[in-house]
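[1] sequence first, then the predicted structure, then my questions.
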Amino acid sequence: NQGVFTYDPGFMSTAACESKITFIDGDKGILMHRGYPIEQLAEKSDYLETCYALLYGELPTAEQKAEFTGLVKNHTMVHEQMKSFLNGFRRDAHPMAVMCGMVGALSAFYHDSLDNNNPQHREISAIRLIAKMPTMAAMCYKYSAGQPIMYPRNDLSYAENFLHMMFNTPCEEKKINPILAKAMDRIFILHADHEQNASTSTVRLTGSTGANPFACIAAGIAALWGPAHGGANEAVLTMLDEIGDVSNIEKFIAKAKDKNDPFKLMGFGHRVYKNFDPRAKVMKQTCDEVLSELGINDPKLELAMKLEEIARNDPYFKERNLYPNVDFYSGIILKAIGIPTSMFTVIFALARTAGWIAQWKEMYAEGYKIGRPRQIYTGYTQRDYLPLDQRK
Ligand code: SDX
């Protein structure tokens, strides 16, 4: 209309990458890591074993698992100066802002002696990141709570260690409740990887420029923060608080359907799944297990289940194949474990680090070119410069 032209869409190269790590069938609600169904990994595996499979392609033998676990344990501490880095943030800073900063800062502590093109260096970067994320996540929480930072312990499992660093203090180191540790570990597994989602694509695109792995993961954390992506788990709890009571559900369903209202039903819908998100099913089972084993009767779970029932029977949601996704129930479990809402997306980033760094490693191993998405130009055709006194 104003001389605007657009490229023929056929001009656009479809930028899809190849990967052997995760398979998703959105229509059938299938998710597999290295061919292992997520349901089986969630029930039978543990997070470090799943990390191993994501990184190396196979579940570890007993010897490999012991060696990998030992390597991770030996890298759980962060440079002592990272503590002073925390002090640059306000106490009330969102933990995701702090995590973005801290993980990016790891580049300054651990990368100057590492070469991305050296497979052994890529290996140690991956292990350092998987090992240090729980320590830094807990540091963010302790700093915001005004409590002393707790150091990692080598006698605890990965999930126990995280809960120890989150909730213990120098005055009292309580034994970690095995139910909570198991639920935490399962939540880590369910968030470990998910094909080429927005944050993983960000990590790959950043990595394709040759940026160091710590900077790439910091970029992934920034992308994950958005409420349309990883920030949804925090947004679900906020939404349930706003709904407050079953009697208000219809009003919020109507808002979600109103095209003039930006409100979306948090924890519902997915770019790929047009069926149940298999992780949501496992998350819901875990929710039931954890709450009943802890003897917690959380009205938010009842409210969430009623919301799911009403939404899934609503024509708008049915026609659009909108189902609960991984974020819909995760917040209720995290709340039961005692994790503050502001830390929910940090937990997501902690767990997803395994997938992010496995895909970064795969990109290097398989050979890559710098990512360069193209566009369909819809702006003006060429026109001449207009002197200032002629502009209206
Ligand atoms: C994650 O990609 C990944 O794999 C991500 C993730 C991972 O593990 O990395 O799975 C993690 O990010 C899960 C998603 C978390 N986000 C949310 O729960 C936020 C709420 N969900 C929506 O914002 C939305 O569902 C998206 C962003 C997730 C997907 O949005 P799309 O791509 O627009 O979904 P769509 O194309 O399937 O939408 C079809 C229709 C549209 O309406 P119409 O134009 O057809 O009229 O459904 C509508 C959408 O507006 N719709 C919703 C809705 N989700 C989609 N309407 C109301 N509430 C919703 N939640």
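    Nice, thanks for sending it over. Residues are numbered from 1 along each chain as shown.

[2] for the closest residue to the ligand within the stretch 201-350 of the chain, give me the pLDDT.
    Per C-beta to the nearest ligand atom, Gly269 is where the stretch 201-350 of the chain lies closest to the ligand, at 2.3 Å. Backbone N, C-alpha and C define where each C-beta goes, glycine included. At Gly269, the model reports a pLDDT of 95.

[3] residues contacting it?
    Arg320, Leu322, Tyr323, Asn325 (C-beta atoms under 8 Å, 6 or more residues apart in numbering).

[4] tally up the residues packed near the nearest residue to the third one once chain neighbours are set aside, please.
    It stands for Tyr323. Of all residues not flanking Tyr323 in the chain, Phe276 sits nearest, at 4.8 Å (C-beta to C-beta, 6 or more residues apart in numbering). Using other C-beta atoms under 10 Å, the number of residues around Phe276 comes to 17.

[5] which helix or strand contains Phe276?
    Under DSSP states H and E, no helix or strand contains Phe276.

[6] so it makes contact with Leu322?
    No. Checked against C-beta atoms under 8 Å, the pair Phe276 and Leu322 is beyond contact range at 10.7 Å.

[7] the stretch 251-392 of the chain: strands as residue ranges?
    In the stretch 251-392 of the chain, no strands are defined using DSSP state E, counting those that start in this stretch.

[8] equivalent analysis for the stretch 1-150 of the chain, please.
    22-25, 30-33, 36-37.

[9] please name the strands paired to the last one in the sheet, noting orientation.
    Paired neighbours of strand 36-37 in the sheet (DSSP bridges): strand 30-33 (antiparallel).

[10] touching the partner strand from outside, list them.
    With C-beta under 8 Å, 6+ apart, strand 30-33 has contacts from 21-24, 37-38, 41, 50, 53-54, 192-194, 277-279.

[11] select the longest helix from this protein.
    The longest helix of the chain (DSSP state H) is helix 119-145.

[12] report the angle between the axes of the helix or strand just after that helix and helix 119-145?
    As assigned by DSSP H and E, the chain's next helix or strand after helix 119-145 is helix 158-167. Here helix 158-167 points in a direction 30 degrees away from that of helix 119-145 (axes from the mean of the first three to the mean of the last three C-alpha atoms, to 10 degrees).

[13] could you list the residues in contact with helix 158-167?
    Contacts for helix 158-167 (C-beta under 8 Å, 6+ apart): 46-48, 69, 72, 76, 134-135, 137-139, 141-142, 149-153, 156, 173-174, 176-177, 180-182, 184-185, 188, 337-339, 350.

[14] in ChimeraX, select just the buried ones from those.
    The buried subset of the contacts of helix 158-167, as determined by 16 or more other C-beta atoms under 10 Å, is captured in ChimeraX by this line:
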select :46,47,48,69,72,76,134,135,137,138,139,141,142,149,150,152,156,176,177,180,181,182,184,185,188,337,339,350
